[in-house]
Structures are given as structure tokens and as C-alpha cells.
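Q: Requesting a structural model of the entry that follows:
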Amino acid sequence: MTGRRLVLIVLGAAVAAAAVSGVLVSIFQHKQEARNPFFRVVELNEETVDPAVWGRNFPSQYDGYRRTVDQVRTRFGGSEAVPRTPTAVDPRSVVAQSRLDEDPRLKTIWAGYAFSKDFREERGHAYMLEDQVYTERQQVTKQPGTCLHCHASVYEPYRKAGGGDLFKGFEALNKMPYAEARGHVKFPVACVDCHDPTSMALRVTRPAFMEGIKAAKAADGVANYDVNTMATRQEMRAFVCGQCHVEYYFKGPEKRLTYPWFKGLKADQILADSGAPVLKAQHPEFEMWNQGIHARSGVTCADCHMPYMREGALKVSDHHVRSPLLNINRACQTCHKWSEDELKARAETLQMRVYELRNRAMDATVALIGDLKAAKTGGAADAELAKAQNHHRRAQFLLDFVEAENSTGFHAPEEAGRLLAISVDEARQGQIVLLQARAARK
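A: Alright, predicted model coming up:
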């Protein structure tokens, strides 16, 4: 009996020792995996543009990148696939939903712009180059090579066109007709546009952003700002996205891409920077985010749109870039300790309030446009029209700043509400000017 008990004790100790050893080996292996986050299968350099090559070293990130072909709609954004019959001009069998069909008021507001001919819901990064090539806007206006700055992987083409000088290549492609410049690029935004191929550090590669953020910092009293040497790592997690998700315009006959931040990043400050009679806002997510609570809290684009995830022992940034509302667990609940349903409801409530204000501003601006047409037909003097047109300029741009921004106000709901309130006031002030002028003529 004593011998059997001794055998059992020895066997038990052996099993326990084996189990502990197994756990220790597993921990050691996981630590080794975490210490070596990737295996260098291929050598990467500044000319490695194809994301699939980077994917051999970074398969998890590349898998996420490829998933940006997903088309899943949230309540106020994204796009479901719309089937179509391919043509010689546009061979696509699937396109994004038309915003012009959803809200015909946009055609009135953007009359005279190519956007009044074709404007669609946003799709994933995988489509950014394809959708630019085949948009009907290409058929109604001669777009410059400048457009590729944000619709393609241009870092290596810029360097090549500039003989190694990024800025010279940027200027060269800006001047080209779009079709000619398109021949210089092969991919939508790619790994090399955001990462140093040697260190994998985040970096800014878009000259227009480098110049724009330098101007914005100068407006805040910071002289000679160099984003790639002076920005913190967390700032870079916003800046790499802000290279493209911004407001801009084409400057001069050379069509130089310019970010209008010389007086600051707010819509009012951007409006004051240009003397154009009517302005079209683009996609000012970076500017709007800068006015919101997440920016003030140090939360960046990547924290919500590319949150960290676990794959085995590895912690990687999710490169399946998408709305946080499609990924609430990792995008939101890291900081906000409420249920997914509650967080989604809160976000949609903020968006609905902005959307309702947007509709009021839209109605007010369309009404002013109608009154301006009637006044011009009725023989109003140029001086009478000019004052109302200035109100129209402000009303439309501030409305469009919110309309064109892809979060439906979520990035900064208070700022979005402020801009829309001013827009409504400007539109109604313009109508009052026309009413007073008409009364004075009687």
C-alpha cells in the first residue's frame, strides 16, 4: 500500500512537472514570437510598391489590407454594392450608390461642378484608384494628375519623376493631364506610402500635407515644422491618414495641390483663405477630427479605424480600415465600458442630430439659390446680387464642409452643429438682402 502510494505520488509529480514545463515552453515561445513580430522573407526598399510583396513579411496586416474590398453600410455611411452593366468606358460590374439619386438637392448646390454629374458613397481603400479612374467626372472635366496624390501609391512615382526629389516629382505629376499621370502609378495607397521599409516606422510621404501642416503649425506659432522629425508617434497615427482625408484646392495653372491651413484648420479659417466665388469642400475628416473630443484626448484615426488586435502572441494594428461602428468591441470598448448596442445608439444619436441640421441647412441654401436666380431674372443690380452671393458663398461652403466630411458629424458634433447653424443663418441673411433690395426697387 505504501509502495503504491509512493508510485502515485511520483507519477503525479511527473505529470505536474510536465504540465509546468509545457506552460513554460509555451510562454517562452510566445515571448519569442512577440519579440520577433515578423519574419524577413523578402527585403523591402523604397521601390517596393506592390503590397503583396510586403505581405510576405507581414501576412496579418496584408490580409486586413485586402479586406478593404468589403462593402458594408452603416446607418449614415459606407456603400452596398450596386450591380451595373459594364461598358467600354466603364468596365466595372459593381459601383457605389449615387448620392445624387439619394438627395437631388445636391445637384442644385453643386450645379456647375463635375460633382453634380457623379457623386457616390465612399468605398474601401481597395477602390480608391479604380473609382477615380472611372468616375463620370472624368468625362465632364479635364482632371489633372494632382488627383493621384490621394488616390494612388505615389511615393515611388514622385521620387522617380523627380529624379529622387519627392517635391519635384510631385510638381511634375500635378501638371500632367490625369490620363498621362495615371500611367505612372499601379496601385491604390500601399504600405510604402505610410511605412519606412527599413524600420517600419510611420511616415508622411505626401508633399501637400508636409507643406500644409507646416503652415498650420506656423499659424499656431511653431516655426519650421518638419512633420517627419518633429511629430510624436501618436501624432503620426493621425497624420498618415490626414495626408489624404483633408480639404484642398488646386493652385494656379500648374494645379499644385494645396491644403488651405495658413490661418488654421477650422472651416471658417479655411473659407477666409480663398477668394473663389463659390467653393466645393472635399473630405475634411482630418480638420473636423481636430475640433473633436477624441483629438483633445489624444485618440487618433488609427486607434478607432485600425484598432489593435491579437493574433496569437502578436499585437497588430488591424489594416482592415473601416468604420468603428462595424468593429465596436475593439474600436470603442477599449475606452468606453458600455455595451455595443449602447455605444452604437449613442453614436447614431449624435449623427442623427447633425443630419437633421444638415437637412435644414440644405433647404435654406437651396432656397437662397432659387431666390438668387429669380432676382437675377427680375433685373436686380449687380451690387444687390453681390451681397446676397457672398452670403451664399459662406452658407454653401460651411454646409458642404459638414456634408463632405465622412463621419456625419461624429468626429466633432458640436463643431458640425456650429457650422450648420451659421450656414442656415447665412442663407436666410442672403434671402433677407434680396427681399430688401426688391422692396426698395418698388
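Q: I'd say Arg206 and Gln243 touch.
A: Yes: using C-beta atoms under 8 Å, Arg206 is in contact with Gln243, at 4.0 Å. For the C-beta atoms, the positions are set from N, CA and C on the backbone; glycine is no exception.
Q: what residues do those two have in common as contacts?
A: Residues touching both Arg206 and Gln243 by C-beta atoms under 8 Å, 6 or more residues apart in numbering: Cys150, Asp193.
Q: hey, which helix is longest across this structure?
A: helix 340-377 (DSSP state H).
Q: Just the CA trace of the helix or strand just after that helix, in CSV.
A: Once the chain leaves helix 340-377, the next helix or strand it forms, by DSSP states H and E, is helix 382-404. The C-alpha atoms that make up helix 382-404 are tabulated as CSV, following Å, rounded to 0.1, in the frame of the first residue of the first chain:
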residue,chain,number,x,y,z
ASP,A,382,-25.1,93.5,-59.7
ALA,A,383,-24.4,95.3,-56.4
GLU,A,384,-27.6,93.9,-54.9
LEU,A,385,-26.7,90.4,-56.0
ALA,A,386,-23.1,90.6,-54.8
LYS,A,387,-24.1,91.0,-51.2
ALA,A,388,-26.5,88.0,-51.3
GLN,A,389,-24.0,86.0,-53.3
ASN,A,390,-21.4,86.5,-50.5
HIS,A,391,-23.9,85.1,-48.0
HIS,A,392,-24.5,82.2,-50.4
ARG,A,393,-20.7,81.5,-50.7
ARG,A,394,-20.4,81.2,-46.9
ALA,A,395,-23.6,79.3,-46.4
GLN,A,396,-22.8,76.7,-49.1
PHE,A,397,-19.2,76.1,-48.1
LEU,A,398,-20.0,75.6,-44.4
LEU,A,399,-22.8,73.2,-45.2
ASP,A,400,-20.6,71.4,-47.7
PHE,A,401,-17.8,71.1,-45.2
VAL,A,402,-20.1,69.0,-43.0
GLU,A,403,-21.8,67.2,-45.9
ALA,A,404,-18.5,66.2,-47.5
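Q: relative to helix 340-377, how tilted is helix 382-404?
A: With axes from the mean of the first three to the mean of the last three C-alpha atoms, to 10 degrees defining the directions, helix 382-404 sits at 160 degrees from helix 340-377.
Q: now helix 382-404: how far from the chain's centre is it?
A: 25 Å (C-alpha atoms, centre = their mean, to the nearest Å).
Q: so where is the stretch 151-300 of the chain shaky, pLDDT-wise?
A: 273-277 (pLDDT under 70).
Q: Sketch out the strands for it, chain order is fine.
A: Using DSSP state E, counting those that start in this stretch, the strands of the stretch 151-300 of the chain run over residues 249-251, 256-258.
Q: related to what we said a few turns ago, what's the mean pLDDT across the longest helix of the chain?
A: Average pLDDT, helix 340-377: 97.
Q: Begin at 11 from now on, thanks
A: Okay, using 11 as the starting number, the last item reads as helix 350-387.
Q: Buried residues in it, which are they?
A: 353-354, 357-358, 360-361, 364-365, 367-368, 371-372, 374-376, 378-379, 381-382, 385 (16 or more other C-beta atoms under 10 Å).
Q: repeat for stretch 77-94
A: Neighbour-count burial for stretch 77-94 [16+ other C-beta under 10 Å]: Thr78, Gln81, Thr84, Phe86, Gly88, Ser89.
Q: Name the member of these with the shortest distance to Ile223.
A: Thr78 (25.3 Å; C-beta to C-beta).
Q: Surely the closest one and Tyr72 touch.
A: No: here Thr78 lies out of contact with Tyr72, judged by C-beta under 8 Å, at a distance of 11.2 Å.
Q: how near is the closest residue to Cys201 other than its chain neighbours to Val202?
A: Nearest residue to Cys201, sequence neighbours excluded (C-beta to C-beta, 6 or more residues apart in numbering): Trp64, at 4.2 Å. Going from Trp64 to Val202 by C-beta to C-beta, to the nearest Å gives 8 Å.
Q: The stretch 61-210 of the chain: helices as residue ranges?
A: Assigned by DSSP state H, counting those that start in this stretch, the stretch 61-210 of the chain shows helices spanning 61-67, 69-76, 109-112, 115-119, 138-144, 147-150, 158-161, 165-171, 176-185, 188-192, 201-204.
Q: what sits up against stretch 257-265?
A: Contacts of stretch 257-265 (C-beta under 8 Å, 6+ apart): 154-156, 181, 184-185, 218, 266-270, 280, 284, 286, 289, 291-294, 297, 411.
Q: out of those, which are buried?
A: 154-156, 181, 184, 218, 266-270, 280, 289, 291-294, 297, 411.
Q: Arg130 is nearest to which of the helices of the stretch 61-210 of the chain?
A: Among the helices of the stretch 61-210 of the chain, helix 109-112 sits nearest to Arg130 (C-beta to C-beta), with 6.1 Å.
Q: Just give the nearest non-adjacent residue to the residue positioned nearest the centre of the chain, would you?
A: In the chain, the C-alpha nearest the mean C-alpha coordinate belongs to His255, at 3.4 Å (C-alpha atoms, centre = their mean). Distances taken as C-beta to C-beta, 6+ apart place Glu295 nearest to His255, at 3.9 Å, with adjacent residues excluded.
Q: go on, Phe125?
A: Using C-beta to C-beta, 6+ apart, the nearest residue to Phe125 is Lys290, at 6.5 Å.
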